[in-house]
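[1] the sequence isn't on hand, but the structure is:
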């Protein structure tokens, strides 16, 4: 499994916008990177043994100064070591906080019968609570991608439900086709998970990503 930092680098090369994310191996590096990226920032544990970062106390968000970054770094390391004593800790990612928007999930899994399959739906906690997702087999055409976006039950949310900003639906469809092309060009990718992708009226940005490669 690739780290979040590595996964985002591959996605960025595939034309998927990602928030600025860098790896810090020490508290001092975390502070320096935070200053370079610009506040506010988020810190997340980077470990192949930590799948659910928040459950392990491995995420701190909305940090606005160096003192908060230092405190968050210490607390994350301590929490992960306490809850998962054997976990390998590669470092902590320092990333730019994304502005609020609509949380989306885009994922890829490999089906035994159909091969790579792309999933699209409302992300964040919504994917676990209401499971509002749709699927298509790779390759996904532009027409199929547009249909996927409009097929979810929560499409009204994307259109600006109750005064919320409407998101760029056509851009989301383009991202689906870009991921489809990425999977075709990289057959070693077994799983891909972008959750959440924050969608706006003027684009979108992936703030968390995970890629699993085949041996």
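    Yep, that arrived. No experiment lies behind these values; they were computed from the predicted model shown.
[2] show me what the strand ranked longest in the chain is packed against.
    If you go by DSSP state E, the chain has its longest strand at strand 189-200. When contacts are defined as 3 or more CB pairs under 8 Å, 6 or more residues apart in numbering; DSSP states H and E, strand 189-200 sits against strand 102-111, helix 169-185, strand 203-206, strand 209-213. Heads up, the C-betas are built off the backbone N, CA and C, glycines and all.
[3] just give me how far the third one sits from the chain centre.
    Using CA atoms, centre = their mean, to the nearest Å, the distance from the centre of strand 203-206 to the centre of the chain it belongs to is 10 Å.
[4] for it, which outside residues touch it?
    Residues outside strand 203-206 that contact it (CB atoms under 8 Å, 6 or more residues apart in numbering): 8, 11, 16-19, 98, 101, 104, 167-168, 171-172, 175, 194, 197-198.
[5] pLDDT weak spots in this structure?
    Counting by pLDDT under 70, the chain contains low-confidence ranges at 125-129.
[6] where exactly do the helices run in it?
    For the chain, the helices defined by DSSP state H cover 4-13, 27-37, 66-83, 126-129, 142-151, 155-158, 169-185.
[7] those helices: which one's closest to residue 209?
    Among the helices of the chain, the nearest to residue 209 by CB to CB is helix 4-13 (4.2 Å).
[8] how about that closest one, which residues are buried there?
    For helix 4-13, a neighbour-count test (16 or more other CB atoms under 10 Å) marks 4-11 as buried.
[9] how about stretch 196-211?
    Neighbour counts over stretch 196-211 (16+ other CB under 10 Å) mark 196-200, 204-211 as buried.
[10] closest to residue 49 out of those residues?
    Using CB to CB, these come closest to residue 49 at residue 210, 13.3 Å.
[11] on that earlier part again, dump the helices and strands packed on strand 189-200 into CSV; add distance to residue 133 as well.
    As requested, the helices and strands packed on strand 189-200 are exported to CSV (distance: least, CB to CB, whole Å):
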stretch, distance to residue 133
strand 102-111, 7
helix 169-185, 12
strand 203-206, 17
strand 209-213, 16
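[12] from the chain's centroid, how far away is the longest strand of the chain?
    So, by CA atoms, centre = their mean, the centroid of strand 189-200 is 5 Å from its chain's centroid.
[13] what lines up beside it in the sheet?
    strand 102-111 (antiparallel), strand 203-206 (antiparallel), strand 209-213 (antiparallel) (DSSP bridges).
[14] save these as TSV, and put in distance to residue 24 too.
    Shown next, in TSV, are the strands paired with strand 189-200 (distance: least, CB to CB, whole Å):
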stretch	distance to residue 24
strand 102-111	25
strand 203-206	20
strand 209-213	18
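[15] look up how far residue 152 lies from the nearest residue to residue 153 once chain neighbours are set aside.
    Nearest residue to residue 153, sequence neighbours excluded (CB to CB, 6 or more residues apart in numbering): residue 132, at 4.9 Å. Remark: distance between residue 132 and residue 152 (CB to CB, to the nearest Å) = 5 Å.
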